[in-house]
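# 3D model of this:
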Amino acid sequence: MSQAQLHIESIGPVYAPQIVMLHGWGMNSAVFTPLHLSLSEYRVHYVDLPGFGHSSAIEGDIYDWLEALITHLPDKAIWVGWSLGGLLATLAALNYPGRVRGLVTIASSPCFMARKEEKWPGIPPQVLTEFGESLYKDLGKTIERFLAIQAIGSATAKEDIKQLKNLVLSRPLPDSRALVQGLKMLECVDLRPKLDQINQPWLRIWGRLDGLVPRRVPPLMPVNDTLYQDLILPKASHAPFFSHKDEFLAGFVTWIEEISN
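Sure, this is the predicted structure:
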């Protein structure tokens, strides 16, 4: 694996609780900009994943991405992952339990692809195929189309899409290799068999109107009353931290305070 040049923006008091924020496919960490002020009392590390934003692309699969992240991020942090970022955060909790203090997944499934034979709800295979094919035709248009999907179902969809687009496009477009890698992860990674091995506090935040992670996924997740919590935002879609920031923060910050004390 080539040496990763990761762009990580670390904000907040050095000795405060450490939080790692990982974005989703086609995005970069600028999407979390609206949260900066509200999370300013924590030490938050906003990461551009390999090949996205200001980070260089690397070879390999999700395990290579995780190795690059682990190398550059602090111990005992709370890992927060949105969508594809949630797969990476979950994998970090499983593979490096001593380094991950807590796990938060936002609009993230342990298996994004629909598995018809298993009755597992998810993204239809043809949708990912179409995105893969369109990458080579018009990268910018493909990203814009994906941005639009994030907000479908939200009452403020039009405004949300515009703001998301402005933030994402404030940084370089993703490397096409990284986009292909990410699509492969969404298509192939299945962490369901390992989920009950997660021994850290785990907050799972869902948007009930999510078009990429169906509402049938949360009831299929493992239950552990002492460690796992679910927060379902009834009017949010795939970007609940963006469209319903106040509701998101109320649950998110309360949970962080609980596990940090």
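
# What's the local residue count around Trp206?
25 (other Cβ atoms under 10 Å). For glycine as for every other residue, the C-beta is placed from the backbone atoms N, C-alpha and C.

# which SS class is it?
What DSSP: H, G, I helix; E, B strand; the rest coil gives for Trp206 is strand.

# list the contacts for the closest residue in space to it that isn't next to it in sequence?
The spatially closest residue to Trp206, leaving aside those adjacent along the chain, is Ile232, at 4.8 Å (Cβ to Cβ, 6 or more residues apart in numbering). When contacts are counted by Cβ atoms under 8 Å, 6 or more residues apart in numbering, Ile232 touches Ile205, Trp206, Gly207, Arg208, Pro218.

# Over to Phe131?
Counting by Cβ under 8 Å, 6+ apart, Phe131 has contacts Thr142, Arg145, Phe146, Leu183.

# What helices and strands are in contact with the helix or strand in which the second one is found?
Arg145 is located in helix 139-151, with elements delineated by DSSP states H and E. Using 3 or more Cβ pairs under 8 Å, 6 or more residues apart in numbering; DSSP states H and E as the contact criterion, the secondary-structure elements in contact with helix 139-151 are helix 125-135, helix 157-168, helix 176-188, helix 240-243.

# which other helices and strands contact the third one?
With contacts defined as 3+ Cβ pairs under 8 Å, 6+ apart, the packing partners of helix 176-188 are helix 84-95, helix 125-135, helix 139-151.

# Buried ones in the first one, by neighbour count?
When neighbours are counted by 16 or more other Cβ atoms under 10 Å, the buried residues of helix 84-95 are found to be Leu84, Gly85, Gly86, Leu87, Leu88, Ala89, Thr90, Leu91, Ala92, Ala93, Leu94.

# Quick check: the two most widely separated of the contacts of Phe131?
Spatially, the most separated pair among those is Arg145 and Leu183, at 13.5 Å (Cβ to Cβ).

# Please name the nearest non-neighbouring residue to the residue nearest in space to the middle of the chain.
Among the residues of the chain, the one closest to the centroid is Trp82, at 1.9 Å (Cα atoms, centre = their mean). Nearest non-adjacent residue to Trp82, counting by Cβ to Cβ, 6+ apart: Ile106, 4.3 Å away.
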